[in-house]
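In: This is a predicted model, with the sequence first.
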Amino acid sequence: MGAKLLLPKIEVMQAKPVSASRTTITELMIPAYANFGGKIHGGILLSLMDKVAYACAAKHAGAYVVTVSVDGVNFREPVSVGELVSLLASVNYVGRTSLVVGIRVESENVITGEKKHTNTSYFTMVAKDAEGKLTEVPPLLLESEEDARRCLEAIKRKNLKAAFSDEFDNEKNRLDLTENLHLLKKERVVLQLAQQ
Ligand SMILES: CC(C)(COP(=O)(O)OP(=O)(O)OC[C@H]1O[C@@H](n2cnc3c(N)ncnc32)[C@H](O)[C@@H]1OP(=O)(O)O)[C@@H](O)C(=O)NCCC(=O)NCCS
């Protein structure tokens with residue numbers, strides 16, 4: 001009889017569906033959130049986005065999560081005092097310890113019912129265990145074409161971001177001030193360098 005092969009015990013985490021962690025936060029925009037022009041501070045919206053990203057990612061991870069990076073924050077429309085802002089979040093992609101949460105921000109004029117899509121942004125979060133060490137997150141169960149499309153877009157975004165980051169680092173390291181000063185002539189700046 002041959003020796004019994006002892007395989008290491010591999011714990012396979014069960015995939016969780018996107019729908020299980022989908023989260024929405026809705027908040028009325030009050031005067032304390034506004035700038036002097038009566039429009040809501042971008043930082044207020046960023047803070048709400050961070051909260052919904054936390055809740056959504058922690059639900060999927062079943063663990064504490066922290067924000068690592070934020071992509072695609074472009075406010076297309078201003079938000080005014082009195083509007084109702086809804087932040088709709090879902091997990092778009094998971095890596096080993098990281099996950100990407102897509103957040104759609106909409107604001108509604110509660111009197112007229114008019115709705116605006118103000119922005120869609122992507123928060124990358126990592127999961128941590130009780131000792132503060134990175135911990136694995138469950139795989140993502142994609143149940144609809146929309147889930148699959150968002151996941152593919154997240155992979156493309158991640159790859160493009162990595163390529164951009166490498167290229168920018170190269171450009172930055174090669175940047176020669178004297179050779180490139182002429183580029184500033186086309187800009188709306190006044191070059192008045194102090195003699196060194
Ligand atoms: C996030 C952090 C743990 C990454 O540390 P690291 O030494 O680069 O660790 P790793 O290389 O193992 O990366 C861990 C994961 O984060 C991802 N990650 C790291 N930097 C990233 C970035 N800038 N953008 C997107 N994902 C990133 C990695 O791809 C990896 O994902 P994976 O496990 O799914 O493959 C570390 O930078 C950190 O602790 N940052 C502070 C986060 C925090 O406290 N935020 C709260 C706001 S103050």
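Out: Ah, there it is.
In: and the helix or strand containing residue 123, does that touch the ligand?
Out: Per DSSP states H and E: residue 123 is located in strand 115-128. Yes - counting by Cβ under 6 Å from any ligand atom, the ligand is contacted by strand 115-128 at 124, 126. (Glycine included, C-beta is placed from N, CA and C.)
In: pLDDT averaged over that strand, what's the number?
Out: For strand 115-128, mean pLDDT is 97.
In: ok, now which ones touch residue 55?
Out: Neighbouring residues of residue 55 by Cβ atoms under 8 Å, 6 or more residues apart in numbering: 23, 25, 89.
In: restrict those residues to those near the ligand?
Out: Taking Cβ under 6 Å from any ligand atom as the test, the ligand is in contact with none of the contacts of residue 55.
In: In JSON lines, list those residues along with neighbour count, secondary structure and pLDDT.
Out: Listed next are the contacts of residue 55 as JSON lines, based on neighbours: other Cβ atoms under 10 Å; DSSP: H, G, I helix; E, B strand; the rest coil; pLDDT from 0 to 100:
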{"residue": "23", "neighbour count": "21", "secondary structure": "strand", "pLDDT": "98"}
{"residue": "25", "neighbour count": "18", "secondary structure": "strand", "pLDDT": "98"}
{"residue": "89", "neighbour count": "26", "secondary structure": "strand", "pLDDT": "98"}
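In: which among the residues you listed gets closest to residue 71?
Out: Residue 71 has its nearest neighbour among those in residue 89, at 14.2 Å by Cβ to Cβ.
In: Quick check, that closest one in contact with residue 58.
Out: No - contact criterion Cβ atoms under 8 Å: residue 89 and residue 58 do not qualify, at 11.2 Å.
In: element containing the closest residue to residue 23 other than its chain neighbours?
Out: Once flanking residues are discounted, residue 23 sits nearest to residue 56: 4.2 Å by Cβ to Cβ, 6 or more residues apart in numbering. Using DSSP H and E, residue 56 falls within helix 42-61.
In: What residues of that helix count as buried?
Out: By 16 or more other Cβ atoms under 10 Å, the buried positions in helix 42-61 come out as 44-45, 48-50, 52-61.
In: now check that helix, is it near the ligand?
Out: No - using Cβ under 6 Å from any ligand atom, helix 42-61 stays clear of the ligand, with a minimum separation of 8.6 Å.
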